[in-house]
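Engineer: need a structure here:
(3 chains)
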Amino acid sequence: MNPLVREQILTIIASIPEGRVTSYGRIAKMTDGATARMVARALRDLPSGHELPWFRVVTSSRKLADHSGADEQRRRLIDEGIAFDVRGRISVERFWP
DNA sequence: CACCTGACTGTCA
DNA sequence: ATGACAGCCAGGT
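Structural biologist: Prediction:
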């Protein structure tokens, strides 16, 4: 994918405040032409040891995306004060921007 | 080149 | 509310 767009995606994720989340689609719209799937791909391809708060990216339906790191993601979000309702959804007030 | 596969989404039954 | 589905499109086979 276009390296500039990739950089935009990572920069946006890096700026998500602690205790807040945002969706793949929202991030995509903030970039110059990326789609939600491209955001997902960019996250999947992250090297280990990076500093990005990847766990603050969730789906538009306010749930965690279906992937192998979902368990860790849930823990890390709970650790920073984000609550999940009985159906595994996050309150809209937690969304950023 | 054709076809398949997703860390997704908006729409609709 | 909930699930199915058609768009989506870069990468891999």
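Engineer: From now on I want contacts and neighbour counts done on CA atoms only, so please keep to that.
Structural biologist: Will do.
Engineer: for the most centrally placed residue in chain A, phi and psi?
Structural biologist: Residue closest to the mean C-alpha point of chain A, counted by C-alpha atoms, centre = their mean, is A:Val57 at 1.2 Å. Dihedral angles phi and psi of A:Val57 (degrees, to the nearest 10) take the values phi -110, psi 120.
Engineer: who touches it in this structure?
Structural biologist: With contacts taken as C-alpha atoms under 8 Å, 6 or more residues apart in numbering, A:Val57 has the following neighbours: A:13, A:21-24.
Engineer: which of those residues has the most neighbours?
Structural biologist: Using other C-alpha atoms under 10 Å as the contact criterion, the top neighbour count among those goes to A:Val21, which has 26 neighbours.
Engineer: Might one say that it is in contact with A:Arg94?
Structural biologist: Yes: contact between A:Val21 and A:Arg94 holds when scored by C-alpha atoms under 8 Å: they sit 6.0 Å apart.
Engineer: who's the closest residue in space to A:Ile78 that isn't next to it in sequence bridged to?
Structural biologist: Excluding the flanking residues, the one nearest A:Ile78 by C-alpha to C-alpha, 6 or more residues apart in numbering is A:Phe84, at 8.0 Å. With DSSP bridges applied, the residues forming beta bridges to A:Phe84 are A:Ile90.
Engineer: Could you tell me the per-residue confidence at A:Phe84?
Structural biologist: Looking at A:Phe84, its pLDDT reads 95.
Engineer: Quick check: residues of chain A near DNA strand B?
Structural biologist: Taking C-alpha under 7 Å from any atom of the strand as the criterion, the neighbours of DNA strand B within chain A are A:23-26, A:36-37, A:40-41, A:43-44, A:46, A:54-55, A:57-61, A:65-67, A:69.
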